[in-house]
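Participant: okay, predicted coordinates and the sequence, questions at the end:
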Amino acid sequence: MEMRAKEDIEMGEDITPPLLPLSFSLHDSFLSSHCSSCFSPLSIPSPSLPPQAHPPLYCSAACSSAHSPIVSSSAESLLPASSPHPSNLRTALRFLLTLPSPSPCPHLHRFNNGLLTNYHKLSTSPEFAPEIRQGAIAMAAARKLRNGDSALDQSDGVLLEEAVLSLVLTNAVEVQDEAGRSLGIAVYDPNFSWINHSCSPNACYRFSVSPPNATSFGEDSCSSLRIVPNISEEDSGVCSCSDYMKGTIGYEYGPKVIVRSIKRIKKEEEVCVSYTDLLQPKAMRQSDLWLKYQFTCSCRRCAMSPSTYVDHALEEILASNLNSSSSRFDLDHYRDEANKKLSDYVDETITEF
Ligand SMILES: C[S@@+](CC[C@H](N)C(=O)[O-])C[C@H]1O[C@@H](n2cnc3c(N)ncnc32)[C@H](O)[C@@H]1O
């Protein structure tokens, strides 16, 4: 799946409204200093405790009443203290609570909310499968204990927990504050999660971390959704993100994400963001994407050598110049095109060498 522009979009425009997460969790190191619900900094941080002993802290009564029932129902306090990547497990356990009632179905064919595209790939990957299996067992054991049942035994299936953990590993993004610190992770609905990666992206995203009823700087709640899903034939039974998410409950609070264009985007052009640090050389970008997501990027920038890419960009500028007769020559257009190619070129050369 991928997302495309609904209309022509200029550079530097918000192309989604602020989107609320489906599930999220602070990283352990921020549990004592940030609100577990909206991720805003606490005015009086508490002393650091071991994460399992750390009750979630909130900036306001509204955040507390919205979020603490989720924490207690999710069974996360019963996870083993030694769990690796506890924010992934907490996010996955909280996500389970958003699934359609009466109860999350144990059969995966009924649990298709459009965010499970990597399930097979991750659950059979030698790098990911053991971590997913171990995490799923810890989640299932915690859920069983919460229900007052005895410890997990071999006959207990953990398929649902494995699927939700794969979903988190595929779709969660690091939520960063203005200083660039990773406060935690969040999973958003397909309007955000279906945006693919490119090493020469035409969009980026930022977070709005603010207490309820406060609008943080740069957040424009009037902006509309200017992207739509492009669904391949094999997924064509479903025609919109909202169909995929039917019944899934989103949260009312949490860090919001906003997608913004960083280039001009034509109607129907695919919208891509970067999943990795673009200031790394190609080999490091590729290895980072493989380790985190198990895919090899084949975007235009990765497919070409740096010098071919630059030649190609310059040829494109020249061709567009030659195609315009001198009387129709539009200097502004030429300047815009040249600037766009130049910024791709600078991206490319700074990072490749
Ligand atoms: C957050 S999802 C993006 C939406 C995804 N296309 C889908 O159908 O759900 C992330 C996954 O999409 C795939 N993906 C994203 N960008 C890609 C790219 N440039 N090349 C190949 N696969 C990509 C990878 O499988 C990745 O793990």
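Facilitator: Good, I have the coordinates. Numbering: from 1, shown residues only.
Participant: C-alpha from now on. contacts and neighbour counts both.
Facilitator: Noted.
Participant: quick check: M11 touching K263?
Facilitator: Yes. Counting by CA atoms under 8 Å, K263 is a contact partner of M11 at 4.5 Å.
Participant: look at these two and report which has more neighbours.
Facilitator: Between M11 and K263, counted using other CA atoms under 10 Å, the more crowded position is K263 (17 against 14).
Participant: for C272, see how far away that one is.
Facilitator: 11 Å (CA to CA, to the nearest Å).
Participant: overlap in contacts of these two?
Facilitator: N202, A203 (CA atoms under 8 Å, 6 or more residues apart in numbering).
Participant: which residue ranges of the stretch 151-300 of the chain form helices?
Facilitator: 159-171, 190-193, 241-244, 282-293, 300-303 (DSSP state H, counting those that start in this stretch).
Participant: buried set for the last one?
Facilitator: Buried residues in helix 300-303, counted by 16 or more other CA atoms under 10 Å: R301, C302.
Participant: count of residues packed around whichever residue of the stretch 1-150 of the chain sits closest to the ligand?
Facilitator: Across the stretch 1-150 of the chain, the shortest distance to the ligand (CA to the nearest ligand atom) belongs to M1, at 3.6 Å. Using other CA under 10 Å, M1 has 16 other residues around it.
Participant: so what's it up against?
Facilitator: So M1 contacts W194, P229, N230, I231, S232 (CA under 8 Å, 6+ apart).
Participant: and K263, by the same measure?
Facilitator: So K263 contacts E10, M11, G12, N202, A203, K340 (CA under 8 Å, 6+ apart).
Participant: drop anything exposed from the contacts of M1.
Facilitator: Applying 16+ other CA under 10 Å to these flags W194, P229, N230, I231 as buried.
Participant: and the pLDDT at the third one?
Facilitator: As summarised for this prediction, N230 has a pLDDT of 86.
Participant: for S23, same thing?
Facilitator: 94.
Participant: dihedrals phi and psi, it?
Facilitator: Main-chain torsions, S23, degrees, to the nearest 10: phi -160, psi 150.
Participant: show me what it bridges to in the sheet.
Facilitator: Counting by DSSP bridges, S23 is bridged to V187.
Participant: can you get me a residue count around it?
Facilitator: 27.
Participant: ok, M304 next?
Facilitator: By other CA under 10 Å, neighbour count at M304 equals 13.
Participant: next one: it from the ligand, what distance?
Facilitator: Distance of M304 to the ligand, given as CA to the nearest ligand atom, to the nearest Å: 14 Å.
Participant: nearest to the ligand among the buried ones among the contacts of M1?
Facilitator: Checking those one by one against the ligand (CA to the nearest ligand atom), the nearest turns out to be W194, at 3.5 Å.
Participant: may I see the buried residues of stretch 131-149?
Facilitator: Those would be 131-133, 135-146, for stretch 131-149 by 16+ other CA under 10 Å.
Participant: next one: stretch 270-289
Facilitator: 270-276, 278, 280, 282, 285-286, 288-289.
Participant: repeat that for stretch 74-81.
Facilitator: Going by neighbour count (16+ other CA under 10 Å), the buried part of stretch 74-81 is S74, A75, E76, S77, L78, L79.
Participant: picking that back up, need the max-distance pair from the buried residues of stretch 270-289.
Facilitator: E270 and Q280 (23.4 Å; CA to CA).
Participant: run a quick neighbour tally on V187.
Facilitator: Per other CA under 10 Å, the neighbour tally for V187 reads 26.
Participant: my guess is it contacts S166. True?
Facilitator: No. Contact criterion CA under 8 Å: V187 and S166 do not qualify, at 11.7 Å.
Participant: what does the stretch 51-200 of the chain have sitting close to the ligand?
Facilitator: Within the stretch 51-200 of the chain, the positions near the ligand by CA under 6 Å from any ligand atom are L115, T117, N118, T170, N171, S193, W194, I195, N196, H197, S198.
Participant: and the least confident of those?
Facilitator: T117 (79).
Participant: where does the record place the domain boundaries for this structure?
Facilitator: 2-18+177-183+190-276, 23-170, 304-352 (automatic domain parsing).
Participant: look up which residues are beta-bridged to Y205.
Facilitator: Bridge pairing for Y205 - DSSP bridges - gives V259.
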